[in-house]
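Peer 1: I would like the atomic coordinates for the input below:
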Amino acid sequence: MRTGGLQRTIAIITLSEVMSSGDVTEDASKIEVIRGHVIQKEGTRYLNYDELVDRSVYQITCWDNDYSNNIRILIGSLVLHPIRPLLRKNGRGSMSKEVTIIAATKQNTEGNINDEMTYYQRTDLMAGYNTISTPLTTEPYSVELIDKDGNIVTEGLTDVQLVENNGLYDVQIYSSEEISNVKIKYVF
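Peer 2: Down below sits the predicted model:
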């Protein structure tokens with residue numbers, strides 16, 4: 001892989017399954033912001049395991065950090081899901097490990113969100129101002145805070161703001177009390 005060909009900044013989110021109160025949910029266990037080579041392969045129709053679906057399909061080539069198939073790729077406002085097993089290539093040297101990911105997302109038409117694109121992050125809030133960094137390069141239109149019981153947190157929060165910081169978005173939250181294990185839901 002030519003290092004100069006890595007033209008896009010992308011975030012790869014490794015998901016893990018978390019058991020909570022008998023429910024299994026997916027949670028981001030590791031987030032990496034890396035450079036990758038991104039090509040749009042198909043526009044609207046793609047055969048995915050004998051199923052014709054309306055999707056935009058992308059091919060992403062980047063350095064392989066032993067990613068599993070349970071990942072999401074953020075490219076700007078797109079949230080992509082792998083639709084094929086990851087293709088790994090090993091070169092002569094240990095530094096030439098690369099992976100090719102074929103991933104897709106539902107297309108949005110006329111500004112409507114057909115397939116809600118979300119990103120989740122877990123944190124503990126201290127009483128006072130909290131700044132939480134994200135790998136998001138596009139401003140979400142909604143931010144929700146969800147407590148460990150699955151309820152939307154409104155009590156005790158007086159200020160929630162998104163702030164751009166060197167091309168990435170941080171969320172600043174003022175909480176009047178400590179809240180542990182809060183899930184922050186970003187909707188695009």
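Peer 1: low-confidence ranges, this structure, go.
Peer 2: 1-4, 18-26, 42-55, 91-96, 106-117, 188 (pLDDT under 70).
Peer 1: make it 50
Peer 2: Within the chain, the stretches with pLDDT under 50 are 44-53, 94, 107-116.
Peer 1: Pro85: how many residues sit nearby?
Peer 2: 9 (other Cβ atoms under 10 Å). To be clear about C-beta, it is placed using only N, CA and C from the backbone, and glycine gets the same treatment.
Peer 1: OK, contacts around it?
Peer 2: Pro85 sits next to Asn69 when contact means Cβ atoms under 8 Å, 6 or more residues apart in numbering.
Peer 1: Provide the secondary structure category for it.
Peer 2: coil (DSSP: H, G, I helix; E, B strand; the rest coil).
Peer 1: domain ranges for the protein?
Peer 2: With domains defined by automatic domain parsing, the chain comprises 3-106, 118-187.
Peer 1: and the helices in this structure?
Peer 2: Along the chain, counting by DSSP state H, no stretch forms helices.
Peer 1: the top strand by length along the chain: partners in the sheet, and parallel or antiparallel?
Peer 2: Counting by DSSP state E, the longest strand found in the chain is strand 23-42. Paired neighbours of strand 23-42 in the sheet (DSSP bridges): strand 8-20 (antiparallel), strand 52-63 (antiparallel).
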